[in-house]
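1. Sequence first, then the predicted structure:
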Amino acid sequence: MARRRRQFEVFTMSFLDCMSCGFGAVILFFMIINAQVKETTEKDPSVLMAETKRLEVEILDGRKNLVLARNTMERLDEDTETAEGQIARIIALIEELRAELAQYDSETLAQIERLEQLQTDIESLEKEVKRLLAIKAEEDAEGSRVREFKGEGDRQYLTGLKLGGQRTLILVDRSASMLADTIVNIIRRRNMSKAEKLRAVKWRQVVASVDWLTSQFKAGSEFQIYIFNNEVKPVIKGSDGAWLKVDDGVQLNEAIRLLRRTVPENGTNMRSAYGIASQLSPRPDNIILLVDGLPTMDEPTTNRKTISGRERANLHRRAIRELPGGIPVNILLYPMEGDFDAAIAYWTLAYQTGGSFMSVSRDWP
């Protein structure tokens with residue numbers, strides 16, 4: 001009898017075991033992942049929200065600071081461009097003046113006057129350039145006196161002169177005695193050319209003194225400068241009876257420039273000079289007098305050839321009657337040979353009016 005063949009089955013017990021194990025592993029894997037996701041999602045989100053808000057505030061502050069910095073940079077750039085433009089224009093003008101100055105080589109009086117005028121203008125412009133450069137340097141480093149006067153070295157100009165006041169009147173003696181300290185040299189230089197008179201050491205010292213005085217004016221005040229010999233007139237033509245603004249640096253510079261071109265000559269009429277203080281309206285609250293001796297006349301003209309010391313003292317006493325009361329008179333005396341009474345007379349005038357008196361040394365200012 002033949003053996004019956006066993007029928008072959010595809011799915012045996014071993015295969016089912018493997019499949020069951022595989023499905024079990026997959027289910028276990030998903031259970032582990034599900035547990036981790038749940039643990040992650042259950043964390044408190046408030047900490048993350050607080051951190052997010054803090055970062056948003058920092059971002060806003062950073063943007064604000066960036067806008068402020070950008071505005072500051074734009075403003076500084078505009079200020080720098082303005083200062084550089086002014087400096088460029090002034091430097092260009094200086095070059096033009098220097099080129100014009102180079103064309104003059106003759107020694108005639110007219111050309112000498114023009115050369116000195118151009119040199120003065122160049123010096124003024126160079127000072128202006130230095131001032132603008134200093135302002136620009138202060139602005140670049142993150143960060144005014146109206147005029148500047150620089151002496152020799154680091155000297156300090158301590159004088160005791162009372163330079164305050166809203167309206168200052170400066171009276172400058174431009175008589176022939178301002179040419180020298182001695183009578184012999186006055187007579188000798190009086191007969192020289194105009195250019196030689198302008199080079200007189202004493203007169204140049206007087207001009208430098210006025211230059212220093214104007215540099216001490218405070219901003220917002222007013223001034224007027226009159227020059228006198230046998231007659232009196234303002235140093236700036238057309239300004240008779242008017243006060244000039246200290247803040248207008250052009251007028252101050254022009255006054256000094258014109259004073260440098262003024263030639264000392266003729267006698268000394270103090271009566272007319274003092275009378276200016278009464279003619280100005282409103283009256284000055286401070287008078288500064290630059291003089292070298294007592295007056296020699298009290299009228300625009302005189303026929304006298306000589307005058308004694310006593311007569312000069314009498315002219316001085318009559319002249320001071322023209323001064324209005326209540327105004328301090330500050331006096332700068334440039335001593336002259338033989339005029340022994342001048343110092344005590346002018347010291348007395350300064351004392352009586354509440355002003356100050358200074359006998360100027362040869363190296364001041």
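-> Yep, it's here.
2. Which neighbouring elements make contact with the longest helix belonging to the chain?
-> In the chain, taking DSSP state H as the definition, the longest helix is helix 46-102. Counting contacts by 3 or more CB pairs under 8 Å, 6 or more residues apart in numbering; DSSP states H and E, helix 46-102 packs against helix 109-140. Just so you know, the C-beta spots here come from the backbone N, C-alpha and C atoms, and that holds for glycine as well.
3. In the helix it packs on, which residues are buried?
-> Within helix 109-140, the residues that count as buried by 16 or more other CB atoms under 10 Å are 112, 115-116, 121-122, 124-125, 128-129, 132, 136.
4. cool, stretch 211-222 as well?
-> 211-217, 221-222.
5. now stretch 166-177
-> Result for stretch 166-177 [16+ other CB under 10 Å]: buried residues 167-177.
6. what's the farthest-apart pair in the residues you listed?
-> Arg167 and Ala176 (30.2 Å; CB to CB).
7. Do I have it right that Gly309 meets Ile344?
-> No - using CB atoms under 8 Å as the test, Gly309 is too far from Ile344 to be in contact (11.9 Å).
8. sorry, back to before: dump the buried residues of stretch 211-222 into a markdown table; add distance to Leu93, secondary structure and pLDDT as well.
-> Formatted as a markdown table, the buried residues of stretch 211-222 follow (distance: CB to CB, whole Å; DSSP: H, G, I helix; E, B strand; the rest coil; pLDDT from 0 to 100):
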| residue | distance to Leu93 | secondary structure | pLDDT |
| --- | --- | --- | --- |
| Asp211 | 22 | helix | 91 |
| Trp212 | 26 | helix | 90 |
| Leu213 | 28 | helix | 89 |
| Thr214 | 23 | helix | 87 |
| Ser215 | 23 | helix | 85 |
| Gln216 | 28 | coil | 83 |
| Phe217 | 26 | coil | 84 |
| Ser221 | 29 | coil | 89 |
| Glu222 | 29 | strand | 91 |
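9. Just give me the closest of the residues you listed to Arg271.
-> Leu213 (23.4 Å).
10. quick check, Leu259 in a helix?
-> Yes - per DSSP: H, G, I helix; E, B strand; the rest coil, Leu259 lies within a helix segment.
11. residue ranges for the strands of the chain, please.
-> In the chain, the strands defined using DSSP state E lie at 167-173, 222-228, 232-234, 244-245, 286-291, 329-333, 357-359.
12. would you turn the ones you listed into TSV with distance to Asp181?
-> Converted to TSV, the strands of the chain look like this (distance: least, CB to CB, whole Å):
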stretch	distance to Asp181
strand 167-173	14
strand 222-228	20
strand 232-234	24
strand 244-245	32
strand 286-291	14
strand 329-333	12
strand 357-359	12
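13. how far away is Arg54 from Leu48?
-> Distance of Arg54 to Leu48, given as CB to CB, to the nearest Å: 11 Å.
14. hmm, back to that, quick check: of the buried residues of stretch 211-222, which lies closest to Met297?
-> Distances from Met297 to these, taken by CB to CB, are shortest for Leu213, at 26.2 Å.
15. ok, the closest one touching Leu169?
-> No - when contacts are counted by CB under 8 Å, Leu213 is not listed as touching Leu169 (11.4 Å).
16. Return every residue with contacts to both of the two.
-> Ile288 (CB atoms under 8 Å, 6 or more residues apart in numbering).
17. From Gly85, how far out is Ala200?
-> When distance is defined by CB to CB, Ala200 is 42 Å away from Gly85.
18. Which one's more surrounded, those two?
-> For the pair Ala200 and Gly85, the greater number of neighbours falls to Ala200 (20 against 10), based on other CB atoms under 10 Å.
19. quick one: the helices in the stretch 201-350 of the chain?
-> Under the criterion DSSP state H, counting those that start in this stretch, the stretch 201-350 of the chain carries helices at the ranges 201-215, 249-260, 270-279, 309-319, 342-353.
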